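1. predicted model, plus sequence, below.
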Amino acid sequence: MKKTILNLFLVGGIALATVACKNDANSAETTDAKEVANANETSVEFVVDTTNSVIEWKGEKPGGSHNGVINISEGMFTANDSIVESGSFVVNMKSIEVKDLEGDDKANLENHLKGTVEGKEGDFFNVNKFPKATFEITGVDQVEGNTMLHGNLTMKGETKNVEFPVNIDIDGDELELTSKSFTIDRTKWRINFMSKSVMDNLGDKFISDNITLTVKVKANKA
């Protein structure tokens with residue numbers, strides 16, 4: 001009997017370790033802010049098409065999740081010989097939208113995330129105080145066959161450098177940048193509401209620190 005219980009613990013431990021490894025593989029490496037990349041004189045500018053550019057998000061908690069989109073309001077990239085050298089874009093945090101709910105439930109969660117509910121302004125993004133988030137490229141390189149985009153992400157007045165895999169396609173006058181889905185740890189940007197790593201005694205009433213993001217940007221030659 002003891003041996004059976006021990007085996008169950010071992011199997012459970014291996015399963016948890018496997019899940020953790022998978023989650024870690026999707027996690028964006030996060031470090032202190034770095035110097036922003038500069039373009040060469042011969043670089044070509046591409047202006048972000050805001051009507052076709054968006055960030056998809058997903059947040060999770062025990063027993064459920066929510067997902068939605070945030071709009072990109074402006075941006076620009078520079079490229080040389082089909083290689084992106086520099087660039088940045090601005091995210092309109094007031095555009096946070098929940099896609100998996102409707103009616104009052106949708107409106108209530110959107111208002112909570114935005115911080116427009118009195119007394120709950122600081123729980124998540126507090127968009128009246130911090131209406132924009134920005135991403136500034138600090139580098140692009142190749143790692144094990146993947147194109148890795150590095151950049152300074154600023155939210156709620158906090159700037160961290162993140163690294164995540166992307167596909168970049170430049171076809172004539174059009175540039176398309178699409179990331180693979182990746183996660184960031186929201187607490188590194190002081191988004192601490194219902195985080196087990198920050199608050200005690202939450203039991204199963206916590207919200208995951210990890211937010212899953214997918215960046216989809218289209219741009220046209222200036």
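-> On my side now, so go ahead.

2. where do the strands sit along this protein?
-> 29-32, 44-48, 54-61, 64-80, 83-98, 132-143, 146-155, 158-171, 174-179, 182-185, 210-221 (DSSP state E).

3. include mean neighbour count and distance to S197 when you put those strands into CSV, please.
-> Where you see a C-beta, it was placed from the backbone N, CA and C, and this is true even at glycine. Listed next are those as CSV, based on neighbours: other Cβ atoms under 10 Å; distance: least, Cβ to Cβ, whole Å:
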stretch, mean neighbour count, distance to S197
strand 29-32, 12, 14
strand 44-48, 19, 34
strand 54-61, 18, 14
strand 64-80, 18, 19
strand 83-98, 20, 23
strand 132-143, 16, 22
strand 146-155, 20, 17
strand 158-171, 16, 16
strand 174-179, 19, 25
strand 182-185, 20, 8
strand 210-221, 19, 11
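
4. what's the closest of those to T116?
-> Closest approach to T116 among these (Cβ to Cβ): strand 83-98, 8.9 Å.

5. so what strands line up beside that closest one?
-> As defined by DSSP bridges, the strand partners of strand 83-98 come to strand 64-80 (antiparallel), strand 132-143 (antiparallel).

6. closest one to N52 among these?
-> Counting by Cβ to Cβ, N52 lies closest to strand 64-80 out of the strands paired with strand 83-98; the figure is 9.4 Å.

7. CA atoms of that closest one as PDB?
-> Provided in PDB are the C-alpha atoms of strand 64-80 (Å, rounded to 0.1, in the frame of the first residue of the first chain):
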ATOM      1  CA  GLY A  64     -11.900  29.300 -15.400                       C
ATOM      2  CA  SER A  65     -10.400  31.900 -17.700                       C
ATOM      3  CA  HIS A  66     -11.300  35.100 -19.600                       C
ATOM      4  CA  ASN A  67     -10.000  36.400 -22.900                       C
ATOM      5  CA  GLY A  68     -10.200  39.500 -25.000                       C
ATOM      6  CA  VAL A  69      -8.300  42.100 -27.100                       C
ATOM      7  CA  ILE A  70      -6.600  45.400 -26.700                       C
ATOM      8  CA  ASN A  71      -6.100  47.900 -29.500                       C
ATOM      9  CA  ILE A  72      -2.800  49.200 -30.800                       C
ATOM     10  CA  SER A  73      -3.300  53.000 -31.400                       C
ATOM     11  CA  GLU A  74      -0.100  53.900 -33.200                       C
ATOM     12  CA  GLY A  75       3.400  52.600 -34.100                       C
ATOM     13  CA  MET A  76       6.300  52.500 -36.500                       C
ATOM     14  CA  PHE A  77       8.900  50.000 -37.500                       C
ATOM     15  CA  THR A  78      12.100  50.400 -39.500                       C
ATOM     16  CA  ALA A  79      13.600  47.600 -41.700                       C
ATOM     17  CA  ASN A  80      16.700  47.100 -43.800                       C
END
